[in-house]
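J.: any chance you could fold what I've pasted below:
(one chain, ligands or ions: 3)
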Amino acid sequence: MLKLSLLLLKFLLLPYSTYSLLLGWVESPGYPSGYLPHASLNWSRCAPKGHTLSIRLIHLDLEDSQDCENDAVKIFSNGNLISILCGKREFEELQTTVNPVLQSSPGGCLILSFHSDFSNTKRHTGFRGFYTVQDFDECEDDPDNGCTQFCHNFIGGYRCSCRHSYHLGADKHTCTVSCNQDLPGLTRGEISSPSWPGSYAENANCKYTLSVDDHLQLELHFSDLFDVEESPDGQCIDGLRIHTSSGTLGPYCGNTPPRSPLLTHSNQVQITFTSDSFGTNKGFNLHFKTTDKVCPSVVTPHSTVTPEEPEYHQGQTVTVTCDDGHELNIRSKSSQYLTTCQSTGVWAPSYICERVDCGFPDIPEDGILKVMGSDNQHTQYTDQIQFHCSSNYYKLEGDDTYICNASGQWQSSSGKTEMPKCTEVCGMPENEPQSTARILGGKIAKLGEIPWHLLIKEPSRGGATLINDRWAVTAAHVVEHVEQTSLSLYGGLIDGRTSSTDPNI
Ligand SMILES: *[C@@H]1O[C@H](CO)[C@@H](O)[C@H](O)[C@H]1NC(C)=O
Ligand SMILES: *[C@@H]1O[C@H](CO)[C@@H](O)[C@H](O)[C@H]1NC(C)=O
Ligand SMILES: [Ca+2]
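T.: Numbering: from 1, shown residues only. Ligands and ions are numbered 1, 2, ... in the order given. Okay, here's the model as predicted:
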């Protein structure tokens, strides 16, 4: 009784009046005198955030049946059936085997549904249970509570806290150390992981920022003692990274420090160090200083530099020559220029060597030539194009394959620059004719066997032959009496027996 009133007090103190609904009895209709046939009850409650809802049955007396298919109490947690009950159970049995599972997830809901069927041979008293909400102890019962050091439970929630010298991160769960260092203008100094040479802190996320005059570069010298956690397969679990103006180096881990001295070629360097929540490793230590910036040995890709040196100093002038098939991205399209190393470690002026572009080839205007294996994106140095004639009645004259050469011109393997042509092929049958004899004693041609053959109907009937796509040959007597300046020649499918001049017959 004392326990119950304490529980009641606890809920009265909660700020929300709705909580008062979260404590009480749930029982079958007509309890305790007994339920009727076709009785039913649907009950549901949800726990507030950080709490769980539970039902403690103190009495259960329903008709018993196989799989409880007649009368039954079913309890669902967030829609999943967690218990189905029927028959008669003693209080002790309810306490030990049934009640422990009748609990919702934190903030979840329970549904209890009871029904009886049409016939009961004997009257059953039904069931009665007490439901309550209680705090969910995240620290004890939730392994995923996320606190990396200490966890404190309270009613309706929990919070994390940290050991001395750590503080809680922005996520309110992770304990981290303060290890950021901003060192502007410092040209000489030392940086090391937190607590060096002791073990570094867990969950560290350190940023060390160095920045000096833009004609200087930072030079890093790592101590030989280097110990950053690495997995057995060589992956960095914790890691050190060096960010410079031209990119990021690392992550570095294991027991081998980055090669020293490390010239960063940058006057602004950020070193980051991150650790996870396990392990006892010592970390890293480095000294930094500055040297004058030097210019890199490569001025621009696809070029060579003369004179050739591993690096260049302020004021040195060199000649840059683009590689074969490349030219400068400037108007003159030349392939050489002079450039000078500046105090900031960059070359000026600086041009890019681009691949020469042959452009799309000029195709002779008869339009029969087809370009294969090429589109407008593939006309650069070493690209290749191929020509084909569009029908069997044309023959390719010249070479069929051209390559875009280093001077940006299309050139065939035999050295030709003019594009090939397609010339007409007449009088050459595709298959060997049936007879090689002259027309006397000749045979009837098969359909399409002599496609260049023509018919003249007027003024006198005769044959003709196309000798190319502009000229036809015929016998002199056929045109002997032609007075008109024009003559009709018929090709294609023609009825030769009519005198009609309608070409559609
Ligand atoms: C309970 O729900 C069932 C199924 O949805 C329904 O058949 C029954 O009538 C409901 N009982 C009550 C008392 O609302
Ligand atoms: C490219 O082809 C043109 C035309 O044949 C020729 O004059 C030139 O020398 C060729 N260039 C090279 C680098 O072979
Ligand atoms: Ca809690």
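J.: what sits closest to Leu57 if chain neighbours are left out?
T.: Counting by CB to CB, 6 or more residues apart in numbering, Gly129 is the residue found nearest to Leu57 once chain neighbours are left out, at 4.1 Å. C-beta here means a position set from N, CA and C on the backbone, and glycine is covered the same way.
J.: where's that neighbour, which helix or strand?
T.: strand 126-135 (DSSP states H and E).
J.: buried residues in that strand?
T.: Gly126, Phe127, Arg128, Gly129, Phe130, Tyr131, Thr132, Val133, Asp135 (16 or more other CB atoms under 10 Å).
J.: so which elements touch it?
T.: Judged by 3 or more CB pairs under 8 Å, 6 or more residues apart in numbering; DSSP states H and E, the packing partners of strand 126-135 are strand 23-27, strand 51-61, strand 109-115.
J.: and it, average pLDDT?
T.: In this model, strand 126-135 has a mean pLDDT of 95.
J.: cool, stretch 317-333 as well?
T.: On average, stretch 317-333 scores 91.
J.: ok, is stretch 61-77 in contact with ligand 1 or not?
T.: No - judged by CB under 6 Å from any ligand atom, stretch 61-77 stays clear of ligand 1, getting no closer than 10.7 Å.
J.: circling back: who's the residue nearest to Leu57 bridged to?
T.: Val26, Leu57 (DSSP bridges).
J.: surely it touches Glu27?
T.: Yes - counting by CB atoms under 8 Å, Gly129 touches Glu27, with 7.1 Å between them.
J.: quick revisit: export the helices and strands packed on strand 126-135 to CSV and tack on distance to ligand 3?
T.: Formatted as CSV, those follow (distance: least, CB to the ion, whole Å):
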stretch, distance to ligand 3
strand 23-27, 18
strand 51-61, 8
strand 109-115, 18
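J.: for Val298, find the nearest of those.
T.: Proximity to Val298 (CB to CB) singles out strand 51-61 among the helices and strands packed on strand 126-135, at 66.1 Å.
J.: any low-confidence regions in the stretch 301-450 of the chain?
T.: 364-378, 427-442 (pLDDT under 70).
J.: who in this structure is up against ligand 2?
T.: Asn405, Ala406, Ser407, Gln409, Gln411, Gly415, Thr417.
J.: okay if I get those as JSON lines plus neighbour count and secondary structure?
T.: What follows is the residues of the chain next to ligand 2, written out as JSON lines (neighbours: other CB atoms under 10 Å; DSSP: H, G, I helix; E, B strand; the rest coil):
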{"residue": "Asn405", "neighbour count": "17", "secondary structure": "coil"}
{"residue": "Ala406", "neighbour count": "17", "secondary structure": "coil"}
{"residue": "Ser407", "neighbour count": "12", "secondary structure": "coil"}
{"residue": "Gln409", "neighbour count": "14", "secondary structure": "coil"}
{"residue": "Gln411", "neighbour count": "16", "secondary structure": "strand"}
{"residue": "Gly415", "neighbour count": "8", "secondary structure": "coil"}
{"residue": "Thr417", "neighbour count": "10", "secondary structure": "coil"}
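J.: nearest to Gln235, of those?
T.: Ala406 (45.6 Å).
J.: so that closest one touches Cys358, yeah?
T.: No - applying CB under 8 Å, one finds Ala406 not in contact with Cys358, separated by 10.3 Å.
J.: quick check, Asp67 in a strand?
T.: No - counting by DSSP: H, G, I helix; E, B strand; the rest coil, Asp67 is not found in a strand; it is helix.
J.: OK, contacts around it?
T.: Ile84 (CB atoms under 8 Å, 6 or more residues apart in numbering).
J.: ends of stretch 168-187, what's the gap?
T.: 33 Å (CA to CA, to the nearest Å).
J.: would you mind listing the buried residues in it?
T.: Under 16+ other CB under 10 Å, the buried positions of stretch 168-187 are Leu168, Gly169, His173, Thr174, Cys175, Thr176, Val177, Cys179.
J.: the fourth one and Thr148, how far apart?
T.: The reference is to Thr174. Per CB to CB, to the nearest Å, Thr174 is found 5 Å from Thr148.
J.: which residue is the nearest non-sequential neighbour of Asn412?
T.: You called it Asn, but residue 412 is Ser. Counting by CB to CB, 6+ apart, the residue nearest Ser412 is Asp399, at 3.5 Å.
J.: burial measure for that neighbour, as a count.
T.: 17 (other CB atoms under 10 Å).
J.: what of His124?
T.: His124: 20 neighbours (other CB under 10 Å).
J.: perfect, that will be all.
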